[in-house]
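Chemist: This is a predicted model, with the sequence first.
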Amino acid sequence: MRFIPSLLAAAACLLFAPLALAAPALPTIKDFTRAPAISDVSVSPDGKHIVALVSPDGMSEIISVWNTDNLAAAPFNIGSTRVRFLGVGFLKNDRLFVAAVQPIDQDGVHGHLIKQYVTDLKGTSFDPLLTTHGVDNSGLSQTYGELSDAAIISTLPLDPKNVLVEDQRVGGNGDIYQVDAYTLTASKVMNGADRYGAYQVDLKGRIRARVEQNFDNGKVYIAQDIRDPDTGAWSEHFRSYAKDRAITSILAFTTDPNVVLISSIKGDKTGVYEYDIKQRKILEPAFEHKLFNATGVVTSTLPADYGRILGFEYAAESTRTYWLDDHWAAASKALAQALGGTSETIDWTDPGTGLQSAINVEPVAVSILSRSEDGRFVIVEKSGPKQPEQYFLLTDGKKLTALGKSRPWIDTAAIGDTKLIEYPARDGLLIPAFLTTPPKDVFGPGPYPTLIEPHGGPWARDDMDWDITGWVQYFASHGYAVLQPQFRGSDGWGQKLWRAGDNEWGQKMADDNDDGVKYLVAQQIADPKRVAMFGYSYGGYAALAASIRPNGLYQCAISGAGAGDLDAIAYETGDNRFQKEFQHPTIGGLDPLAHATEAKIPVMLFHGDRDQTVDVKESREFVAKLKAAGKPVQYVEIKDMGHQFIYWTPAMAEQGLTAVDSYLKTGCKAGGL
């Protein structure tokens, strides 16, 4: 399937359109918060069908199924009035695996419940992989505790009917079952135990690896166990202590039953290495990147060479693939050219090692999402920070068919430009960041009113992708510059940056955000009199901390579901045996709730009342303290909203963004930010 010239020719009609002469339409809040028109697209293993989530009205989502031999025909649609669909994919050729969510109020839980179901291509019935006796499994209105989930260990791609699952039902002990995806009959293949999990199979579908959590003289460790394919005996191969935060794990089995690929940290970065099971020896690097963490392995789904390594994934400005396979390397390059992918070179200094190098970043990336087993049908995505996702079907390496745009109502000419940058913190540590600036032809060259938007976690990171919340691009399209600092304590940029955040909550971690403001002011990007801090979750904590710290840089602070009670966070992590050694020792610094009355700038908070991650009472208590002290504060509580984005309906997302937008215009400072 060598298709580069024919692919480029076939795609020509997708690339050239009449030049737009009219000024771009200014996108609204609803444009960013309504449900995408199409998302979660994949192709069946046999290539006969495509499935996706589709939203006809921007509020609810349905499952749509197309026949690949007649894409012009209307899809078959599956809907529900009782739950909201979160995701869909193929379990087998004509069996779908569906994730759904609904609110729950049971057994003291005021939150949300996620359930997973198996159905056919017409949604005839929705059933759990492991059925529960005495419960009606035909509907989608099950409540908390009635049905519990089975975690898929492997879909067993070479088996036309069966999958392997781990029993995670209430009262279950992690037993392993082989389940017929059509009849849902299950047979136990292995006893489980509470201390085991994360099972993996080799290329023959045999369970060969598991992770064990145990104790050594009272110290928590994670062990990677491997099973002998001949004797069935388990043995420990790697032991990683929680306190060290450096876990070695298996990424993939290879065509050699005695060799696995492992993920392990060497120096500042994570790499992929070959490991000889019998010799208990790490052999040679399979993939290392001098600047970024290696994150995954891409393997073949073709039955003839199933499991052959095609490439490796790594975390650069976003997840990128390094292709070993010449065919898929050429295909990836040709698709990027055909669909208008963009690439630019920037100078980069690694914050962990100081190594300097020129790197390529992709403001508009073209990536392969899903492939049929024979490679004839490929789902392709075009996306970027100013490019909402677009989906295409590539057939036989020649024909490109547009499947749909996630947000066709947004004129991308009105969207800001995003760049990967880095700036020095006051102690010299380089801080990566994503900077999004407004369209210059509309708002001029700056300086601009500016939002500093630290991410959640804090052990997390941002990527140069489309922002699913809509926050970054909404504000950039309305004249704001937005900086997303990857402050110390951010994960995914190497060990040095990550560990530098230990016990620096509201201290050096906050300095990094403030130094980002100073950098933007010096670059004449930020107007020093028009800067606000806006964050969610840990970012909300950072906003509350910014309201208290005597930095004089921000006109106001906006906290979404902010974890303002540092003592509560420390208590929660200390109450969990693993977290007590893994993360608890790193949580220390400024407690915003204890110092709420010292707030020096206006504060706005918003929080969902079904938040099971950061209790809504934390925001309520912070607001009460500010009001008692006579400090300027606004508070919005969003009914039925949970913490994570998957628990937000479009209406909730719109309410939250509307509140923030209004506050910046009227409450942040006199005359608005």
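Modeler: Sure, I can see it. Residues are numbered from 1 along each chain as shown.

Chemist: what about residue 204, how many neighbours?
Modeler: Using other Cβ atoms under 10 Å, residue 204 has 13 other residues around it. C-beta coordinates here come from the backbone N, C-alpha and C atoms, glycine included.

Chemist: do the same with residue 669
Modeler: 16.

Chemist: quick one: the residue nearest to it when sequence neighbours are not counted and residue 632, what's the gap?
Modeler: Nearest non-adjacent residue to residue 669, counting by Cβ to Cβ, 6 or more residues apart in numbering: residue 555, 4.4 Å away. In this view, residue 555 and residue 632 are 11 Å apart by Cβ to Cβ, to the nearest Å.

Chemist: what do the two both touch?
Modeler: residue 602 (Cβ atoms under 8 Å, 6 or more residues apart in numbering).

Chemist: Comparing these two, which residue is more hemmed in?
Modeler: The residue with more neighbours, out of residue 555 and residue 632, is residue 555; 21 against 14, by other Cβ under 10 Å.

Chemist: can you give me the helices in the stretch 351-500 of the chain?
Modeler: 440-443, 471-477, 495-499 (DSSP state H, counting those that start in this stretch).

Chemist: What are the contacting residues of the longest one?
Modeler: Think helix 471-477. With Cβ under 8 Å, 6+ apart, helix 471-477 has contacts from 26-27, 29, 32, 385-386, 414-416, 418, 436-439, 451, 453, 466-467, 482, 484, 534, 657, 660-661.

Chemist: repeat that with 6 Å
Modeler: Defining contact as Cβ atoms under 6 Å, 6 or more residues apart in numbering, one finds that helix 471-477 is touched by 27, 32, 414, 415, 416, 436, 438, 451, 467, 482.

Chemist: Show me the shaky parts of the stretch 101-250 of the chain.
Modeler: 132-148, 170-172 (pLDDT under 70).

Chemist: again, only this time at 90
Modeler: Along the stretch 101-250 of the chain, the model assigns pLDDT under 90 to residues 102, 104-111, 113-116, 128-151, 167-174, 192-194, 229-230, 232.

Chemist: need the strands for it, in chain order.
Modeler: Ranges of strands in the stretch 101-250 of the chain, per DSSP state E, counting those that start in this stretch, are 109-120, 150-154, 162-167, 176-180, 186-190, 196-201, 207-216, 219-227, 234-241, 249-253.

Chemist: Walk me through which strands the second one pairs with, and which way each runs.
Modeler: Using DSSP bridges, the strands paired with strand 150-154 in its sheet are strand 162-167 (antiparallel).

Chemist: can you list the weak-confidence ranges in the stretch 551-673 of the chain?
Modeler: Residues of the stretch 551-673 of the chain that meet the cut-off, pLDDT under 90, sit at 551-552, 563-581, 584-586, 670-671.

Chemist: should've said the stretch 401-550 of the chain
Modeler: Those would be 446, 550, if you go by pLDDT under 90 across the stretch 401-550 of the chain.

Chemist: Apply 50 and report the result again.
Modeler: Within the stretch 401-550 of the chain, no range satisfies pLDDT under 50.

Chemist: what's the distance between the closest residue to residue 476 other than its chain neighbours and residue 441?
Modeler: Spatially, and ignoring its direct neighbours in sequence, residue 476 is nearest to residue 416 (3.0 Å; Cβ to Cβ, 6+ apart). Distance of residue 416 to residue 441, given as Cβ to Cβ: 12 Å.

Chemist: Compare these two (neighbour count), which wins?
Modeler: residue 416 (26 against 9).

Chemist: Report the contact partners of that one.
Modeler: Neighbour list for residue 416: 436, 437, 438, 476 [criterion: Cβ under 6 Å, 6+ apart].

Chemist: shouldn't residue 565 be in contact with residue 618?
Modeler: Yes: in terms of Cβ atoms under 6 Å, residue 565 counts as a neighbour of residue 618; the distance is 5.0 Å.

Chemist: related to what we said a few turns ago, which one of the helices of the stretch 351-500 of the chain lies closest to residue 372?
Modeler: helix 471-477 (33.4 Å; Cβ to Cβ).

Chemist: Report the distance from the closest one to the chain centre.
Modeler: 19 Å (Cα atoms, centre = their mean, to the nearest Å).

Chemist: number of nearby residues for residue 72?
Modeler: Residue 72: 7 neighbours (other Cβ under 10 Å).

Chemist: related to what we said a few turns ago, columns mean neighbour count on top of the strands of the stretch 101-250 of the chain, output as TSV?
Modeler: As requested, the strands of the stretch 101-250 of the chain are exported to TSV (neighbours: other Cβ atoms under 10 Å):
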stretch	mean neighbour count
strand 109-120	19
strand 150-154	18
strand 162-167	22
strand 176-180	19
strand 186-190	14
strand 196-201	19
strand 207-216	17
strand 219-227	19
strand 234-241	16
strand 249-253	20
